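Enquirer: I'll drop the sequence and a predicted model, then ask my questions.
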Amino acid sequence: MTKAKVRYLPVKIKGRPGFKMAYWDIDSGKEGPCLLVTAALHGNEVQGSEVIRRFCPVAEKSIIRGRMILVPFVNLPALWNRRPHIISTLAEPRGQLEKKKVKNKVVLMPKDPMVNINRTWPGDPRGNESQQLACIIFKGIFEQATHNIDLHCYNRFTGAAAIPEGCEKAVNFAKLSAFPFLRQSAKPLDLSKEFKGTAPLSDWFNLNGRTAFTVEFSGQYVVLEKQVRIGVRALTNCSKHLGMFRGKPEGLEKTVVIEQNLLKMVTAPFGGLFIENGLTAGDFVKKGSVIGWLFSDRSLKTKEIKAPVDGYLYAYGHRKPLCDVDLAAMHPYADRGDNLAVIVKSSQKR
Ligand SMILES: [Zn+2]
C-alpha cells in the first residue's frame with residue numbers, strides 16, 4: 001500500500017484570480033516508469049475525472065514500482081466554465097469563430113486556434129489564457145512523465161475509442177487499454193520530426209522519446225458508469241503492462257479495430273424523426289435486426305431501419321456536426337441521407 005499524496009500546483013493566469021490545481025502523486029519509491037494520467041483538458045469532458053478518482057485507490061493498493069501522477073482536472077477554468085475551453089461560449093467548440101477567406105471561400109474559423117489547450121503544448125507564458133495555463137502545468141508536472149494516457153470525451157453518439165497517434169509504440173500501448181474501439185489517427189506520426197505547438201499532448205510525448213495515447217469516452221457533460229468501468233480497466237491494464245502492477249492485461253480480445261473498409265453507413269431514406277431502439281454506441285447488432293424507426297413528418301408513415309450487416313455500432317443515433325456542444329445538433333430529426341448509424345463489420349460477437 002502506497003498512500004497517494006495530494007499535491008497542489010499554484011496557477012496564475014494574467015487578468016484572473018490565482019488558484020491551486022490539486023493532483024495525486026503515488027510514488028512507490030522504486031525505480032520505474034512515471035505514468036501521467038490526465039483528464040478534463042476540455043471542461044465539458046469529465047468522465048476521465050471520475051475514472052481517475054476510482055483508479056486512485058486501485059493504484060495505491062497495487063503499485064509495486066515507478067510513480068503515478070493522476071490529474072483529474074487539468075483545465076480548471078474550463079471546468080468552471082462548463083464548456084470545452086476557458087473562454088468558450090454557447091455552441092462554439094473551438095472558441096469564438098470569425099469569417100475567414102480560405103481559397104476564395106468564406107468559412108467560419110476559430111479567431112484563435114490556441115484557445116484549445118490541446119493545441120498549445122508545451123505552452124507559452126506570454127500567450128493567451130490556455131497557453132499560459134499549459135505552460136505552468138507542463139513545467140510543473142507533465143514534463144517529468146515517461147508515459148501519458150490522456151482521457152477525453154466526444155459526443156454520446158460515438159463509441160468509446162482509444163486513439164493512438166500514428167506510430168507503432170503508441171498503437172501497441174493503446175491496444176492494451178482494451179477499449180471497445182481502437183482507431184488510429186489518420187496521419188502517421190513521423191518520429192524524426194520535431195514537435196510543433198499545435199498538436200495534442202500525446203504527440204508531444206511520442207515525439208520526445210516517451211509513449212502516450214489519447215482516449216475518447218462516449219458522452220460529454222455526463223459521467224456514465226459503463227464508460228467509467230472501461231476507463232478503470234484501461235488504466236489497470238496499462239499499469240500491468242508497464243510492470244507497475246502485477247498481473248496481465250484483461251479483456252484485450254474485445255477491442256474492435258476500426259478500418260475504413262469495414263465501415264458501413266446506415267442513412268435516412270427520407271426526412272423524419274429517428275427513434276432509437278434502446279441501443280448504444282458499442283453494441284453488437286445482427287444483420288436484419290431493427291436498430292430504430294424513421295417517422296416521416298410528411299406522410300406520418302414509419303419505416304423500420306435495419307442493420308445491413310453484422311457488426312458493432314461505432315456510431316448510433318441521428319446527429320449533425322457540432323453535436324458535441326450544440327443541443328440542436330443532437331436533435332433526432334434527420335434529413336434524407338443523414339447518418340443514423342455507422343457499423344464496423346464483424347462476423348461474430350466477441
Ligand atoms: Zn477533448
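Expert: Looks like it came in fine. Numbering: from 1, shown residues only.
Enquirer: interface residues of the protein facing the ion?
Expert: 42, 45, 152 (Cβ under 5 Å from the ion). Placement of C-beta: from N, CA and C, glycine included.
Enquirer: neighbour count and secondary structure added to these, as a markdown table?
Expert: Listed next are the residues of the chain next to the ion as a markdown table, based on neighbours: other Cβ atoms under 10 Å; DSSP: H, G, I helix; E, B strand; the rest coil:
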| residue | neighbour count | secondary structure |
| --- | --- | --- |
| His42 | 25 | coil |
| Glu45 | 24 | coil |
| His152 | 21 | strand |
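Enquirer: from these, which is closest to Pro33?
Expert: Among those, His152 lies closest to Pro33 (Cβ to Cβ), at 21.9 Å.
Enquirer: check contacts around that closest one.
Expert: Each residue near His152 by Cβ atoms under 8 Å, 6 or more residues apart in numbering is listed here: 41-42, 45, 48, 214-217.
Enquirer: let's see that with 10 Å instead.
Expert: 38-42, 45, 47-48, 118, 163, 200-201, 214-217, 220 (Cβ atoms under 10 Å, 6 or more residues apart in numbering).
Enquirer: and the helix or strand harbouring Val51, how far out from the chain middle?
Expert: Using DSSP states H and E, Val51 sits in helix 47-62. Offset of helix 47-62 from its chain centre (Cα atoms, centre = their mean, to the nearest Å): 17 Å.
Enquirer: check contacts around Val309.
Expert: Here Val309 is in contact with 262, 264, 266, 285-288, 343-347 (Cβ under 10 Å, 6+ apart).
Enquirer: which of these fall in strands?
Expert: 264, 266, 285, 343-345 (DSSP state E).
Enquirer: now these as a markdown table including pLDDT and neighbour count?
Expert: Converted to a markdown table, those look like this (pLDDT from 0 to 100; neighbours: other Cβ atoms under 10 Å):
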| residue | pLDDT | neighbour count |
| --- | --- | --- |
| Lys264 | 97 | 15 |
| Val266 | 98 | 21 |
| Val285 | 97 | 24 |
| Ile343 | 98 | 24 |
| Val344 | 97 | 22 |
| Lys345 | 96 | 16 |
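Enquirer: show me which of the residues you listed is closest to the ion.
Expert: Of all the ones in strands among the contacts of Val309, Val344 has the smallest distance to the ion: 22.3 Å, by Cβ to the ion.
Enquirer: report the beta-bridge partners for that closest one.
Expert: Beta-bridge pairing for Val344 (DSSP bridges): Leu263, Tyr312.
Enquirer: and His147, by the same measure?
Expert: Here His147, judged by DSSP bridges, has bridge partners Leu35, Thr211.
Enquirer: number of residues surrounding it?
Expert: 22 (other Cβ atoms under 10 Å).
Enquirer: Asn208 is in contact with that one, correct?
Expert: No: contact criterion Cβ atoms under 10 Å: His147 and Asn208 do not qualify, at 11.9 Å.
Enquirer: OK, contacts around the residue of the stretch 251-350 of the chain found nearest the ion?
Expert: At 9.0 Å from the ion, Asp324 is the closest residue in the stretch 251-350 of the chain, using Cβ to the ion. Shown in contact with Asp324 (Cβ under 10 Å, 6+ apart): 42, 44-45, 84, 91, 93, 153-158, 219-221, 330.
Enquirer: so which of the residues you listed are in strands?
Expert: Counting by DSSP E, these contribute 153-154 to strands.
Enquirer: run through the stretch 1-150 of the chain and note the low-pLDDT ranges.
Expert: Applying pLDDT under 70 to the stretch 1-150 of the chain flags the ranges 93-95.
Enquirer: what segments of it are strands?
Expert: Secondary structure of the stretch 1-150 of the chain (DSSP state E, counting those that start in this stretch): strands located at 5-11, 19-27, 34-39, 67-71, 97-102, 105-110, 147-154.
Enquirer: direction included, what does the fourth one pair against?
Expert: Put plainly, it is strand 67-71. Here strand 67-71 has these sheet partners by DSSP bridges: strand 19-27 (antiparallel), strand 34-39 (parallel).
Enquirer: run the chain-centre distance for the longest one.
Expert: Using Cα atoms, centre = their mean, we find the averaged C-alpha position of strand 19-27 to lie 22 Å away from the chain's own average C-alpha position.
Enquirer: between that strand and helix 47-62, how many degrees?
Expert: Per axes from the mean of the first three to the mean of the last three Cα atoms, to 10 degrees, the angle that strand 19-27 makes with helix 47-62 is 40 degrees.
Enquirer: the closest residue to Gln96 other than its chain neighbours: how many residues sit nearby?
Expert: Leaving aside its sequence neighbours, Gln96 sits nearest to Lys111 (Cβ to Cβ, 6 or more residues apart in numbering; 4.8 Å). Using other Cβ under 10 Å, Lys111 has 14 other residues around it.
Enquirer: from the ion, how far off is Lys111?
Expert: Counting by Cβ to the ion, to the nearest Å, the separation of Lys111 from the ion is 19 Å.
Enquirer: for Met109, see how far away Lys100 is.
Expert: Plainly put, Lys100 is 4 Å away from Met109 if you go by Cβ to Cβ, to the nearest Å.
Enquirer: one more: Arg156?
Expert: In terms of Cβ to Cβ, Arg156 sits 26 Å off from Met109.
Enquirer: those two: who's more crowded?
Expert: Comparing Arg156 with Met109 by neighbour count (other Cβ under 10 Å), the higher total belongs to Arg156, at 22 against 14.
Enquirer: surely Leu70 meets Ala40?
Expert: No: if you go by Cβ under 10 Å, Leu70 and Ala40 don't touch, sitting 12.0 Å apart.
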